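Undergrad: here is my input; please provide its structure:
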Amino acid sequence: MKFLSPLASLLVLTALTHAELTCAPVFQDHMILQQGMPVAVWGTADADSEVKLAFGKHEQSTKADDQGNWKLQLRALEADQLEDFSKASAGKNLRISSGEETLMIRDVLIGEVWLCSGQSNMAGKVKNNAMDPKDDLSKLQLPTIRQYRSDTGWISATEGDVREFSKVGLTFARRLQKELKVPVGLLSASVGGTQIHTWQLPDASIDPAEKHAPGSNYLKHIMPLIGTSMKGALWYQGEGNARDGYAYFGKLKSLIKGWRSVWGQGEFPFLIVQLAGIGESDPNMPDMGDGRAAIREAQLQAMKQITNVGLATAVDIGGPKEHPPNKTDIGKRLAAWALHHQYDRKITASGPLITGFDIRCSTIAIQFKNAQGLTIADKGEGFGPPIVCPPGTDLPWLSIQGADGIWHSATAWIEGDELLVVNTDVKKPKNVRYAFTNRPKGPYLYNKAGLPAFPFTTEKWEELTKE
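TA: From the prediction side, this is the model:
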């Protein structure tokens, strides 16, 4: 038997026990940190070793545990203020050291950070999407909008790299930056063709017999980001679960609850894209309720029933196929909700959203919020704003239900912020449905901000979902 010399034995022992100083993968050059809240930084080092962090005037130290894991927390940081969005802003360096090892993360900015997740309509890159001829995103020069994806690291929205950005995420970030004048970072974690269960983690509130293992996309794309300080999440998914209909609500609630529970940031904002239409709907089916109507209602109920959940509808920009060419308006609508609700800006948060209804003899009057300038308009299939229709234009995709439960096509007129719906053959109406079908082609109901009304039914959620 050959024995090692004492020196050789020491070298082998050192090699076995030494752990390289590392940081979580999201901490890379050009990253953006969330302003206004404590920022966690974590990684690995030698077991029980001291780890130091320096960022500008901020200095922190901690001791790695016996497994070599360490975590530090910077106090709330102030955002970098921007004057010219087209110019790069010099970021600070984040220095992490342990013993003789040092990690330097360069050009770090402070601003707003949002997670972008879902399936292909969120994953869709600038280079793979139809372009608005008046707004070519591939030529943007916005170096302080940055995106992190595990395969690219942090990249900036400048010619070349911008083509790798999520188109929805980019148009959201651009609108935010224009208003807030700070850097905006996107954590991109989306995979085309995926169902919601692949993004979930087990819900502790459900029956143990029904529990499932964490989804593959949660493990691969979400778990590595958990703990990253951020403002909130954007979620564009549901196409893969469209047949779930109303049952999608429970799955979405579980996903939101699960992500919030592990992130440790309380009930952070969770903004959902309500699905666009696809294919063609039958205009001679007054009961509607087909195709994506039920899953849109499930998404609407998530906004109504879950704290700090927002909604931006894409109902007016669908098409024959799965991917609406116009992602720009989706990003803008998500930003409108965020700017109003999360940043206290005095802008209209969304299109008209039903708040109640009155039955007045044979007429049903629908009340909304965000209905200032309620009008009928037609957006067409382009990127432009909706064009107000001539007086007397009928609003399609309206139905009224009689006391006998039978649905009939209806007509309507606008009085102030109310929509009055009637069918003269229905003497005792009980409910109204609007755009409650797979793909309701316009014109649509809009407000003066050019944002479309959410599809709705006046039926109670409990009635819709009873077995």
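
Undergrad: pull up the gap between Leu77 and Thr144, please.
TA: 15 Å (Cβ to Cβ, to the nearest Å). Where C-beta positions appear, they are placed from N, C-alpha and C, glycine not excepted.

Undergrad: swap that for Lys441, sorry
TA: 39 Å.

Undergrad: and the two? which has more neighbours close in?
TA: Thr144 (26 against 18; other Cβ atoms under 10 Å).

Undergrad: off-centre distance for the strand or helix carrying that one?
TA: Assignment of secondary structure by DSSP states H and E places Thr144 within strand 142-149. Strand 142-149 has its C-alpha centroid displaced from the chain centroid by 17 Å (Cα atoms, centre = their mean, to the nearest Å).

Undergrad: who are the packing partners of it?
TA: strand 101-118, strand 153-157, helix 167-180, strand 184-190 (3 or more Cβ pairs under 8 Å, 6 or more residues apart in numbering; DSSP states H and E).

Undergrad: which other residues reach the helix or strand following the first one?
TA: So that's strand 101-118. For strand 101-118, the following helix or strand on the C-terminal side (DSSP H and E) is helix 120-123. Under the criterion Cβ atoms under 8 Å, 6 or more residues apart in numbering, residues 116, 166, 168-169, 188, 190-193, 234-237, 239, 273, 322-324, 327, 330 lie in contact with helix 120-123.

Undergrad: got a quick ChimeraX command for the buried subset of those residues?
TA: A single ChimeraX command selects the buried members of the contacts of helix 120-123 (16 or more other Cβ atoms under 10 Å):
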select :116,166,168,169,188,190,191,234,235,236,237,239,273,323,324,327,330
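
Undergrad: let me see the mean pLDDT of stretch 333-341.
TA: The predicted model gives stretch 333-341 an average pLDDT of 98.

Undergrad: just the helices in this structure please.
TA: Per DSSP state H, the chain has helices spanning 6-17, 120-123, 167-180, 216-217, 248-263, 293-305, 328-341, 461-465. These are given in chain order.

Undergrad: those helices: which one's closest to Ile32?
TA: Ile32 lies closest to helix 167-180 among those, at 10.1 Å (Cβ to Cβ).

Undergrad: buried set for that closest one?
TA: 167-177, 180.

Undergrad: and that helix with strand 142-149, angle?
TA: Going by axes from the mean of the first three to the mean of the last three Cα atoms, to 10 degrees, helix 167-180 is angled at 140 degrees with respect to strand 142-149.

Undergrad: go ahead and produce PDB holding the CA coordinates of helix 167-180.
TA: Extracted in PDB, the C-alpha atoms of helix 167-180 (Å, rounded to 0.1, in the frame of the first residue of the first chain):
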ATOM      1  CA  LYS A 167     -41.900  41.400 -26.400                       C
ATOM      2  CA  VAL A 168     -44.600  41.700 -23.800                       C
ATOM      3  CA  GLY A 169     -42.000  42.300 -21.100                       C
ATOM      4  CA  LEU A 170     -40.200  44.900 -23.100                       C
ATOM      5  CA  THR A 171     -43.300  46.900 -24.000                       C
ATOM      6  CA  PHE A 172     -44.300  46.800 -20.300                       C
ATOM      7  CA  ALA A 173     -40.800  47.900 -19.200                       C
ATOM      8  CA  ARG A 174     -40.700  50.700 -21.700                       C
ATOM      9  CA  ARG A 175     -44.000  52.200 -20.500                       C
ATOM     10  CA  LEU A 176     -42.900  51.900 -16.900                       C
ATOM     11  CA  GLN A 177     -39.600  53.600 -17.500                       C
ATOM     12  CA  LYS A 178     -41.200  56.400 -19.400                       C
ATOM     13  CA  GLU A 179     -43.300  57.200 -16.400                       C
ATOM     14  CA  LEU A 180     -41.000  56.400 -13.500                       C
END
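
Undergrad: Arg95 reaches Val108, doesn't it?
TA: No. Arg95 is beyond contact range of Val108, at 10.3 Å (criterion: Cβ atoms under 8 Å).

Undergrad: which sections of the stretch 251-400 of the chain are below the confidence cut-off?
TA: Regions of the stretch 251-400 of the chain meeting the criterion pLDDT under 70 are absent.

Undergrad: run the last query once more with 90
TA: The stretch 251-400 of the chain contains residues with pLDDT under 90 at 279-280, 318-325, 380-384.

Undergrad: tell me how many other residues crowd Lys321.
TA: Counted with other Cβ under 10 Å, Lys321 comes out at 9.

Undergrad: can you map out the strands along the stretch 251-400 of the chain?
TA: Under the criterion DSSP state E, counting those that start in this stretch, the stretch 251-400 of the chain carries strands at the ranges 270-274, 309-313, 353-360, 363-369, 375-378, 387-388, 398-402.

Undergrad: can I get those strands in CSV with distance to Trp413?
TA: Formatted as CSV, the strands of the stretch 251-400 of the chain follow (distance: least, Cβ to Cβ, whole Å):
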stretch, distance to Trp413
strand 270-274, 26
strand 309-313, 23
strand 353-360, 13
strand 363-369, 10
strand 375-378, 10
strand 387-388, 15
strand 398-402, 11
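
Undergrad: among those strands, which is nearest Asp151?
TA: Nearest to Asp151 among these is strand 270-274; the distance by Cβ to Cβ comes to 23.6 Å.

Undergrad: show me how far that closest one is from its chain's centre.
TA: The answer for strand 270-274 is 5 Å, by Cα atoms, centre = their mean.

Undergrad: try stretch 390-409
TA: Centroid displacement of stretch 390-409 relative to its chain, using Cα atoms, centre = their mean, is 33 Å.

Undergrad: for that stretch, list the C-alpha coordinates in CSV.
TA: Only the C-alpha atoms of stretch 390-409 are listed here, as CSV (Å, rounded to 0.1, in the frame of the first residue of the first chain):
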residue,chain,number,x,y,z
PRO,A,390,-70.5,56.3,-36.0
PRO,A,391,-73.6,57.0,-33.9
GLY,A,392,-76.1,54.2,-34.0
THR,A,393,-73.5,51.4,-34.4
ASP,A,394,-74.7,48.2,-32.7
LEU,A,395,-72.5,46.7,-30.0
PRO,A,396,-72.2,43.0,-31.0
TRP,A,397,-71.8,40.0,-28.7
LEU,A,398,-74.5,41.1,-26.3
SER,A,399,-77.1,38.6,-24.9
ILE,A,400,-79.9,38.9,-22.4
GLN,A,401,-81.4,36.0,-20.4
GLY,A,402,-85.1,35.7,-19.7
ALA,A,403,-86.7,34.4,-16.5
ASP,A,404,-87.1,31.1,-18.3
GLY,A,405,-83.3,30.7,-18.6
ILE,A,406,-83.2,31.2,-22.3
TRP,A,407,-80.6,33.6,-23.8
HIS,A,408,-81.5,36.0,-26.6
SER,A,409,-79.4,38.4,-28.7
